[in-house]
Every structure is written in structure tokens, then in C-alpha cells.
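A.B. asks: Sequence unavailable; structure follows:
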């Protein structure tokens, strides 16, 4: 049953964990465990553009028994273009591709969750169960690469949602995108939490020989229990390190991304993660501080209350100490690394560990001079 109403959960932002937890349960914000088993988020709030908020509640007739668990549903999305442009000074690329909208990995902290609101869906459980695939992506990419005046630069894939999430096994959109990029000698940089990337070692190794490909594995923790709770459908930490090793041994430049660093939860693992990644063959490393934009803030805090209630106040206090007293600060130059003494300490620890391990001694720049534009429709090959 659903009731259209507003729920005032004031304690959620006050820091009183016990009161907030009780109020969330009473308000109907939290979805019962049997319906969200194997998922990251514990809530499914209405999108921020919706007129009403809808909350599930028990009407006394055991109505929860009639509600099915959240299952992965994939719809086809037909975008007009596939290369997304950006001019952010915080990131090293100006273009990216997202083969999928939403992500089945269910990482509770994912900063991309609020994008589901543009589809009239929730940033919570909808984000990880109601997915959109873009099977036209390879065709659109070839068309855009053929445009007059196109200047090649590294295309980043996996910066918003993971291109190797579980549904990629069936849809194979990422594989087809790589085939297009290889065919035209276009550079690509990939970020993923999935060991499925090893499936495409054949293409990536050939591109790497030409200086056209590199891959970053996101390793947030080496604690299997924490990873299972925080990133329920992503590859286990050992499998991600296995992927680092396999890619490196195949001659593919590989790096590790600690993203995000969550103070009071996984920040103690920075050195161990870098040690393990370097031993597996990673050449470069990076990190991002936890980001809690828009709906992600309430989703993450609810998760924290469920799984680590004893750390709730400590973790959120440290987060706010790096964000000017707020849950999040979107200012360029601060949103990725935070500010303040604790953020400075994390940065110095990372730098010292990376230096000791010989990481980041050289930053690989992919080649663009080998690019061969696709033929336009009706255009013929030249003889010479």
C-alpha cells in the first residue's frame, strides 16, 4: 500500500542516530529487508522533481506480503547523441560515454544516483533496479567520430555508471563500443569495479600496444564484509585486484582508484589498498573523498544507520568537517578532495604511500595522432 504524504524526519540531519532510525522506520521511508535483499540502498524516496512523496506503510492487513522484491528491469533508451561533453576543472577529460543509465552494482554512496530523478524515478532502489541500456551507442559513436572537425581526445567510460555492471554480460554494449574505438584508433580511459573487464583484454591489449587504452579499477575497501554491504553487486575486492594483475600482465596500463574515501569507515585502508594494487601491477593511483550531493546524502545516512549505527555520528562529523559544516560542498576545487585538516591528512597519507610504492611517477598520456575518422555514408575508400 502507498500513501501520498510528507514525512518530516528532522532527526535525520540532527545527528541523533537512535531517534533518526526510529523516525525513518515509522515514516515508511525504509523498504522492508525482504524486498531489498541484495541491494545497496535501504530507501526508495520519490525523485526531487516529483510533486508528491510516496511512502509504503503497513495498513494492518499484512500488505507487505503482497509486494514483490525489487528485481532488475532493463529498458531501452534511444539517445540522439552518445558523447557527453564537460568543462569541469576538477576532472582530466572533456568527454565521456555512458552505455547505461543506473547501475546494478548498488554502491550506496554513488554520486550518480540523483540522475535517475530526470527519469521520474528514485535515486534509491530504483537507481539500482530500474536500468536503461543504450544499444544504439556504438552506431551513434561511429557517426559522431565521422563529423567534420572532430578532434580526438581521450573518451572516458565509467565515470558516471559502470560500463561493466552485470547487465553488460547480456547486452555487450561496452564490447561493441571498444570495437568502434579500436577500429578508428581512438584513445579510451575506463573506470570500473567489475572483473568483467577481463573479458575485453583482447581488444584492450591491442589498443594499449598503440598507446590508446588504460584502465582504472576502483577499490574502495579490502574488507569483504564492508564491500558486500556497501557495494552489494560489484566484484569482491580480491576479484578487482585479480583484474588489475591480469590487465597489467597483458600490457594494459592499469591504475587503482580509491573512490570514495569515507572518513571513519574505510580511510584506515588507504595504505593497504595501495600496497595491494601496486603488488598486482598498478602504475598509477588516485582517490576521491566521499561526495553526498542531493538525494545521496539521505540514502547514505540511512545505510550508515542500518549497518554501522555506532559510527554514524563520528562519520558524519568528519564528513562535515571536510565540507564546511555541510554534508556536501559542490564548489570546484573542493568537491573531489574536501577541505580542512582531516582532508589534508588524507591527502598527505595518500601521497606518501604512493611515493613509497613508486606510483604516479609518470602519468600516461594516450595518443591521439593515430585517429582514423570513419567514412561518411556514401563515401568510398581511396586507392592511394
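C.D. replies: Perfect, I can see it now. These numbers were taken from a predicted model, which means no experiment stands behind them. Residues are numbered from 1 along each chain as shown.
A.B. asks: For residue 362, which non-adjacent residue is spatially closest?
C.D. replies: Sequence neighbours aside, residue 283 is the residue nearest to residue 362 in space, at 7.7 Å (criterion: C-beta to C-beta, 6 or more residues apart in numbering). Every residue, glycine included, has its C-beta placed from N, CA and C.
A.B. asks: so how far is residue 102 from the one you found?
C.D. replies: 31 Å (C-beta to C-beta, to the nearest Å).
A.B. asks: Neighbour count: the two, which is higher?
C.D. replies: residue 102 (30 against 19; other C-beta atoms under 10 Å).
A.B. asks: If I look at the closest residue in space to that one that isn't next to it in sequence, what pLDDT would I see?
C.D. replies: The spatially closest residue to residue 102, leaving aside those adjacent along the chain, is residue 131, at 4.1 Å (C-beta to C-beta, 6+ apart). You'll see residue 131 listed with a pLDDT of 98.
A.B. asks: Going by secondary structure, residue 131 is in what exactly?
C.D. replies: strand 130-133 (DSSP states H and E).
A.B. asks: Please enumerate the helices of the stretch 101-250 of the chain.
C.D. replies: Assignment of helices within the stretch 101-250 of the chain using DSSP state H, counting those that start in this stretch yields the ranges 125-129, 137-145, 168-171, 173-183, 201-209, 224-230, 237-249.
A.B. asks: okay, those helices, which one's buried deepest?
C.D. replies: Counting by mean count of other C-beta atoms under 10 Å, helix 125-129 has the highest mean neighbour count of these, with a mean of 26.
A.B. asks: And the pLDDT for residue 11?
C.D. replies: pLDDT, residue 11: 46.
A.B. asks: Over to the one 4 residues further on?
C.D. replies: Per-residue confidence for residue 15 comes out at a pLDDT of 53.
A.B. asks: Ok, residue 70 next?
C.D. replies: 80.
A.B. asks: Could you do residue 384 as well?
C.D. replies: pLDDT, residue 384: 52.
A.B. asks: before we move on, what about residue 34?
C.D. replies: For residue 34, pLDDT reads 70.
A.B. asks: what do you get for residue 90?
C.D. replies: At residue 90, pLDDT is 84.
A.B. asks: Could you do residue 360 as well?
C.D. replies: Looking at residue 360, the pLDDT reads 96.
A.B. asks: Residue 41 touches residue 299, doesn't it?
C.D. replies: Yes. Using C-beta atoms under 8 Å, residue 41 is in contact with residue 299, at 5.1 Å.
A.B. asks: Find the residues that touch each one of those two.
C.D. replies: 108, 113, 124 (C-beta atoms under 8 Å, 6 or more residues apart in numbering).
A.B. asks: Looking at these, which is nearest residue 316?
C.D. replies: residue 108 (14.2 Å; C-beta to C-beta).
A.B. asks: From residue 243, how far off is the closest one?
C.D. replies: In terms of C-beta to C-beta, residue 108 sits 22 Å off from residue 243.
A.B. asks: try residue 110
C.D. replies: Applying C-beta to C-beta to residue 110 and residue 243 gives a distance of 20 Å.
A.B. asks: How about residue 75?
C.D. replies: 29 Å.
A.B. asks: Kindly report the same for residue 237.
C.D. replies: Where residue 243 is concerned, residue 237 sits at a distance of 11 Å (C-beta to C-beta).
A.B. asks: Distance to residue 31 for the helices of the stretch 101-250 of the chain - can I get that in a markdown table?
C.D. replies: Below are those laid out as a markdown table (distance: least, C-beta to C-beta, whole Å):
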| stretch | distance to residue 31 |
| --- | --- |
| helix 125-129 | 6 |
| helix 137-145 | 32 |
| helix 168-171 | 26 |
| helix 173-183 | 29 |
| helix 201-209 | 39 |
| helix 224-230 | 16 |
| helix 237-249 | 27 |
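A.B. asks: can you tell which of these is closest to residue 30?
C.D. replies: Closest among those, once you apply C-beta to C-beta, is helix 125-129, at 10.5 Å.
A.B. asks: what packs against that closest one?
C.D. replies: Judged by 3 or more C-beta pairs under 8 Å, 6 or more residues apart in numbering; DSSP states H and E, helix 125-129 is in contact with no other helix or strand.
A.B. asks: thinking again about what came up before, between the helices of the stretch 101-250 of the chain, which one is nearest to residue 159?
C.D. replies: Nearest to residue 159, of all these, is helix 173-183, at 13.4 Å by C-beta to C-beta.
A.B. asks: Can you pull the poorly scored residue ranges out of the protein?
C.D. replies: For the chain, applying pLDDT under 70 flags the ranges 1-29, 55-67, 377-384.
A.B. asks: Pick out the residue nearest the middle of it.
C.D. replies: In the chain, the C-alpha nearest the mean C-alpha coordinate belongs to residue 161, at 4.9 Å (C-alpha atoms, centre = their mean).
A.B. asks: how near is it to residue 345?
C.D. replies: The value you get for residue 161 to residue 345, if C-beta to C-beta is used, is 31 Å.
A.B. asks: So which bits of the biggest strand by length in the chain are buried?
C.D. replies: When the chain is parsed with DSSP state E, its longest strand is strand 254-261. Of the residues in strand 254-261, those buried by neighbour count under the rule 16 or more other C-beta atoms under 10 Å are 254, 255, 256, 257, 258, 259, 260, 261.
A.B. asks: The third one reaches residue 272, doesn't it?
C.D. replies: Read it as residue 256. No. Using C-beta under 8 Å, residue 256 is not in contact with residue 272; the gap is 11.6 Å.
A.B. asks: quick one on the thing from earlier: check which helices and strands the strand holding residue 131 sits against.
C.D. replies: By 3+ C-beta pairs under 8 Å, 6+ apart, strand 130-133 packs against strand 73-76, strand 100-101.
A.B. asks: Contacts for that strand, please.
C.D. replies: So strand 130-133 is contacted by 72-77, 99-104, 116, 119, 121, 167, 171, 173 (C-beta under 8 Å, 6+ apart).
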